[in-house]
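Enquirer: Task: produce atomic coordinates for the following.
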Amino acid sequence: MEAEANVRPGPSAYDLILITKFASLEDMDEYLIHPAHQEVARWMGTVLETQASVCCSI
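Expert: Alright, predicted model coming up:
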């Protein structure tokens with residue numbers, strides 16, 4: 001897991017990015033429903049103006 005600040009601002013940019021890597025889709029599903037993740041996600045929802053998610057497989 002890695003968090004980074006945006007170094008190239010622009011009209012379509014976001015301030016922060018959270019990069020997570022999982023061994024499998026099942027691992028990602030477990031992360032998404034984990035109580036600690038849910039707690040942070042609820043808090044983030046109160047301070048975010050907008051958000052986006054991107055999933056990719058390499």
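Enquirer: From here on, just use CA atoms for contacts and neighbour counts.
Expert: Will do.
Enquirer: What does the residue nearest the centre of the chain show for phi and psi?
Expert: Per C-alpha atoms, centre = their mean, the C-alpha nearest to the average position across the chain is that of residue 18, at 4.5 Å. Residue 18 has phi and psi values of phi -110, psi 120 when expressed as degrees, to the nearest 10.
Enquirer: Residue 17 too?
Expert: Per degrees, to the nearest 10, the backbone of residue 17 is at phi -140, psi 140.
Enquirer: try residue 2
Expert: Per degrees, to the nearest 10, the backbone of residue 2 is at phi -150, psi 140.
Enquirer: What segments of the chain are strands?
Expert: 2-5, 16-19 (DSSP state E).
Enquirer: Give me the contact list for the first one.
Expert: In this structure, residues lying in contact with strand 2-5 by C-alpha atoms under 8 Å, 6 or more residues apart in numbering are 15, 16, 17, 18, 19, 20.
Enquirer: Top of the residues you listed by number of neighbours, please.
Expert: residue 17 (14 neighbours; other C-alpha atoms under 10 Å).
Enquirer: So that one sits against residue 6, correct?
Expert: Yes - using C-alpha atoms under 8 Å, residue 17 is in contact with residue 6, at 7.3 Å.
Enquirer: So in the protein, which helix runs the longest?
Expert: helix 35-47 (DSSP state H).
Enquirer: Direction included, what does the helix or strand of the chain with the lowest mean pLDDT pair against?
Expert: The helix or strand of the chain with the poorest confidence is strand 16-19; it has a mean of 88 (mean pLDDT, DSSP states H and E). Paired with strand 16-19 in the same sheet, following DSSP bridges, are strand 2-5 (antiparallel).
Enquirer: follow-up on the earlier one: of the contacts of strand 2-5, closest to residue 1?
Expert: residue 20 (4.5 Å; C-alpha to C-alpha).
Enquirer: ok, back up a step: what sits closest to the residue nearest to the centre of the chain if chain neighbours are left out?
Expert: Using C-alpha to C-alpha, 6 or more residues apart in numbering and skipping residues adjacent in sequence, the residue nearest residue 18 is residue 3, 4.4 Å away.
Enquirer: Right, I'll leave it there.
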